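Novice: The following comprises the amino acid sequence and a computationally predicted model.
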Amino acid sequence: MSELGTQTGVALDSAQLPQTVEPRNPGMALDMDVVMNTRANRSAIERRAKTLPGRRSVKKEYQAAWLARAISCIDLTTLSGDDTAGRVARLCAKAKQPVRADLLEALGLPDLTTGAVCVYHDMIPPALKALEGSGIPVAVVSTGFPAGLSPFHLRIAEIEESVKAGAEEIDIVISRRLVLSGDWQGLYNEMKTMREACGDAHVKAILATGELETLQNVARASQVCMMAGADFIKTSTGKEPVNATLPVSLVMMRAMRDYYEATGYRVGYKPAGGISKAKDAINYLALVKEELGDRWLRPDLFRFGASSLLGDIERQLEHHLTGAYSASWRHAVA
Ligand SMILES: O=C[C@H](O)COP(=O)(O)O
């Protein structure tokens, strides 16, 4: 049965999620033939991406199921210079109970949570404290986020410090200049060293696609990061002028599909930055379903990096259950 279909039924039951554990991508030797043969046809990709928002219409209980799944895949994020322990604690409370309790009951999903909470290094202790016992992992941005231009040994030390402090997921930024100068070996070495520094923590490689100039560069950088052992590839920091887009997502997902076909390892995907509307979330999930298949529609293989998406999803779910919209300020996240 198709899992989040518009034709076939889907129960709003998180217990439906299979408990299979995906083997971690171990990486492989850098294969320059694969990298150089990886291409991206911009006009074909843009044409394909444009068809998505128009023809996807998921209604009523199916829409609620897709939105509930979207919530389970959110890395609920705060990455501001004025973050405080209090703000992070409020964000974590929202991660533990992402939607009003009566709405969760009505959906039959009393235990629904977000996929993770994503913060800066200094906010790890308050996040861990607030999430204690919830099973929700703390993700941390690292390696001189967002530009990634601090000395390399300090970037590695930063990863090690965050792992030591208890982060289970490390979102690293790659050196964009290595992509822009075609230094694929340099990018491979950097990513491999970062993956090693993460140890048991999972590593998400932020490509900062809005700064990579071409879709071909995005495709090649995706391949190289996966070969070097990335657990996830992620579009953006949220701080670039252009962040996640559907065309970029199509390119990255196709690179992931090629990598899976070549190695048997599934790498996760995280679009991030500027995703703030429920209907955008559904478009991304639909793209994942069509390009990669149902197995990828799980928090272990798919996340949204988003600071304000949850509020709009809660609003849409409230409308689904009560027939009325509430003001967006009632769903402020933190
Ligand atoms: O990784 C997450 C992003 O920084 C969040 O970006 P956003 O604030 O545009 O949702």
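Specialist: Everything's here; your move. This structure is a prediction, so every number in the text was calculated from the model and none was measured.
Novice: if I pick Arg257, what's in contact with it?
Specialist: For Arg257, the contacting residues are 291-292, by Cβ atoms under 8 Å, 6 or more residues apart in numbering. Every residue, glycine included, has its C-beta placed from N, CA and C.
Novice: same deal with Leu285?
Specialist: Listed by Cβ under 8 Å, 6+ apart, the contact partners of Leu285 are 4, 66, 69-70, 73, 297, 302.
Novice: Look up phi and psi at Cys118.
Specialist: phi -120, psi 120 (degrees, to the nearest 10).
Novice: In this protein, what helix or strand scores lowest on average pLDDT?
Specialist: When each helix and strand of the chain is scored by mean pLDDT, DSSP states H and E, helix 42-55 comes last, with a mean of 84.
Novice: which residues touch it?
Specialist: Counting by Cβ under 8 Å, 6+ apart, 214-215, 245-247, 249-251, 279, 283, 286-287 sit against helix 42-55.
Novice: Then stretch 149-156?
Specialist: Stretch 149-156 has contacts (Cβ under 8 Å, 6+ apart) with 142-144, 148, 158, 172, 175, 190, 193-194, 197.
Novice: In TSV, list the contacts of helix 42-55 along with distance to the ligand, secondary structure and pLDDT.
Specialist: Putting the contacts of helix 42-55 into TSV (distance: Cβ to the nearest ligand atom, whole Å; DSSP: H, G, I helix; E, B strand; the rest coil; pLDDT from 0 to 100) gives the following:
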residue	distance to the ligand	secondary structure	pLDDT
Thr214	23	coil	97
Leu215	21	helix	97
Thr245	13	coil	97
Leu246	16	helix	96
Pro247	18	helix	96
Ser249	14	helix	98
Leu250	19	helix	97
Val251	19	helix	97
Lys279	15	helix	93
Asn283	15	helix	94
Ala286	20	helix	93
Leu287	18	helix	95
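Novice: Go ahead and build a ChimeraX selection from the buried members of these.
Specialist: Provided next is the ChimeraX selection string for whichever of those are buried by 16 or more other Cβ atoms under 10 Å:
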select :215,245,246,247,249,250,251,283,286,287
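Novice: Which pLDDT value belongs to Gly323?
Specialist: At Gly323, the model reports a pLDDT of 79.
Novice: go on, Leu17?
Specialist: Leu17 carries a pLDDT value of 53.
Novice: I'd like the next helix or strand past the least confident helix or strand of the chain.
Specialist: Counting by DSSP states H and E, the next helix or strand C-terminal to helix 42-55 is helix 60-72.
Novice: Does the next helix or strand after that following helix reach the ligand?
Specialist: Where DSSP H and E defines the elements, the next helix or strand beyond helix 60-72 is strand 74-77. Yes. Remark: strand 74-77 sits within contact range of the ligand at Thr77, by Cβ under 6 Å from any ligand atom.
Novice: what about the residue lying closest to Met32 once chain neighbours are set aside, how many neighbours?
Specialist: Using Cβ to Cβ, 6 or more residues apart in numbering and skipping residues adjacent in sequence, the residue nearest Met32 is Trp184, 6.7 Å away. The local packing of Trp184 (other Cβ atoms under 10 Å) involves 19 other residues.
Novice: Trp184 against Thr38, yeah?
Specialist: No. Contact criterion Cβ atoms under 8 Å: Trp184 and Thr38 do not qualify, at 10.3 Å.
Novice: Overlap in contacts, those two.
Specialist: Arg220.
Novice: what's near enough to touch the closest residue to the ligand within the stretch 151-300 of the chain?
Specialist: Relative to the ligand, the nearest point of the stretch 151-300 of the chain is Gly238 (2.4 Å; Cβ to the nearest ligand atom). Residues counted as contacts of Gly238 (Cβ under 8 Å, 6+ apart) are 77, 79, 146, 272-274, 305, 307.
Novice: wait, which of these is closest to Val21?
Specialist: Nearest to Val21 among these is Gly305, at 22.9 Å by Cβ to Cβ.
Novice: Give me the three-state assignment for the closest one.
Specialist: strand (DSSP: H, G, I helix; E, B strand; the rest coil).
Novice: Around the ligand, which positions in the stretch 51-200 of the chain sit nearby?
Specialist: 77, 79, 118.
Novice: Any stretches of the stretch 1-150 of the chain with poor pLDDT?
Specialist: 1-19, 54-61 (pLDDT under 70).
Novice: Quick check, Leu88 in contact with Ala130.
Specialist: Actually, residue 88 is Val rather than Leu. Yes. Taking contacts as Cβ under 8 Å, Val88 lies within contact range of Ala130: 6.8 Å.
Novice: Which one's more surrounded, these two?
Specialist: Val88 (26 against 20).
Novice: any idea how far Ala95 is from that one?
Specialist: Going from Val88 to Ala95 by Cβ to Cβ, to the nearest Å gives 10 Å.
Novice: Not counting sequence-adjacent ones, nearest residue to Pro23?
Specialist: Nearest to Pro23 is Tyr265, by Cβ to Cβ, 6+ apart, at 6.7 Å.
Novice: got a pLDDT number for the residue nearest the centre of the chain?
Specialist: By Cα atoms, centre = their mean, the mean C-alpha position of the chain lies nearest to Lys270, the distance being 2.4 Å. With respect to pLDDT, Lys270 scores 98.
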